[in-house]
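Undergrad: next come a sequence and a model predicted from it.
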Amino acid sequence: MTTQQLVEQIVKKKSFLCIGLDVDLAKIPATFLQEEDPIFSFNKAIIDATHDITVAYKPNIAFYEAYGLKGWTSLKKTIDYLNANYPEVYTIADAKRGDIGNTATMYAKAFFEDMAFDSVTVAPYMGKDSVEPFLEFENKHTILLALTSNKGAFDYQTQKVGDKELYQVVLETSKSYKNSENLMYVVGATKAEYFKEIRKIVPDSFLLVPGVGAQGGSLKDVCEFGFNSQVGLLINSSRGIIYASNGTDFAERAREEALVLQKEMEEIIKNKL
Ligand SMILES: O=c1ccn([C@@H]2O[C@H](COP(=O)(O)O)[C@@H](O)[C@H]2O)c(=O)[nH]1
């Protein structure tokens, strides 16, 4: 999907919500456990209940890898279901990959070609030649970790490198990568006070923002400086939406939680765009 198509969906749905499909078998309604593929069945129910109010879904790959071959099969069925039934929805493989060039190309093929995701998250630590292979893929985005939502972000990402903080160097340097127009960045909602500085460096880029919901980040605070003329934000919530209930009403409750965020987004879009 192109960035323009993503923006069109955001405007049409009045939403810049991304729902995280982080499925933990210990947390989904017990009735699913009797099914042949509980993870896919759960995802399908969540997707069918929310696709009209969200613009993106983000399965975190760890939640699938943890279940081995069965988990990969559930992931493949989920992405195929999305692409076949809701092709207008943007998809993110939250895989946080990063390795030397030829290996990076294989990671990119896995997520962009075999799995047909629109984007994949990538760690910047191994530098330019570990990121550029992902950027070669047309109409696919590479979402580089910049300033993450966890406490450990302060271990390295805000450390000074010369007169800049490391996350600033990542943002600045990555703009010179070949095909850098295919880049987006991860910035945690729990770091709302950094968005002003981040927008000075990457005013036009899309930011994937996890940390609203279970991690306590504020949508309003992120939008104050994170919002740009094309919205420029994908706000992710995973546990806060998909585990709103583990009863028979789980899908309705997930929709209700998603709707709370979407309504807030609609208001922000009305006031800011
Ligand atoms: O900085 C980051 C990068 C990625 N994540 C991932 O996003 C979701 C958040 O889930 P919640 O349940 O809404 O907290 C999860 O997949 C994380 O691994 C992040 O939280 N922070």
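TA: Ah, there it is. Numbering: from 1, shown residues only.
Undergrad: in the stretch 101-250 of the chain, which spans are helices?
TA: Remark: helices assigned in the stretch 101-250 of the chain by DSSP state H, counting those that start in this stretch are 101-108, 128-135, 153-156, 166-174, 195-201, 219-226, 239-242, 250-272.
Undergrad: what would these look like in a markdown table with mean pLDDT?
TA: Formatted as a markdown table, those follow (pLDDT from 0 to 100):
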| stretch | mean pLDDT |
| --- | --- |
| helix 101-108 | 98 |
| helix 128-135 | 98 |
| helix 153-156 | 98 |
| helix 166-174 | 98 |
| helix 195-201 | 98 |
| helix 219-226 | 98 |
| helix 239-242 | 98 |
| helix 250-272 | 98 |
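Undergrad: among those helices, show me which one is buried the most.
TA: Sort those by mean neighbour count, taking mean count of other Cβ atoms under 10 Å, and helix 239-242 sits at the top with a mean of 23. Every C-beta, even on glycine, is put in place using the N, C-alpha and C of the backbone.
Undergrad: quick one: that helix to chain centroid distance?
TA: The chain centroid and the centroid of helix 239-242 are separated by 14 Å, computed with Cα atoms, centre = their mean, to the nearest Å.
Undergrad: for stretch 56-71, same thing?
TA: 14 Å.
Undergrad: what's in contact with it?
TA: 6, 17-25, 37, 39, 43, 47, 72, 74-75, 78-79, 82, 89-95, 208, 210, 234, 236, 238 (Cβ atoms under 8 Å, 6 or more residues apart in numbering).
Undergrad: again with stretch 27-41
TA: With Cβ under 8 Å, 6+ apart, stretch 27-41 has contacts from 23, 25, 42, 64, 67, 70-71, 73-74, 77-78, 81, 243, 246-248, 250.
Undergrad: can you check stretch 130-143 too?
TA: 1-3, 92, 98-102, 104-105, 107-108, 112, 117-122, 124, 144, 174, 177-180, 182-186, 206, 208.
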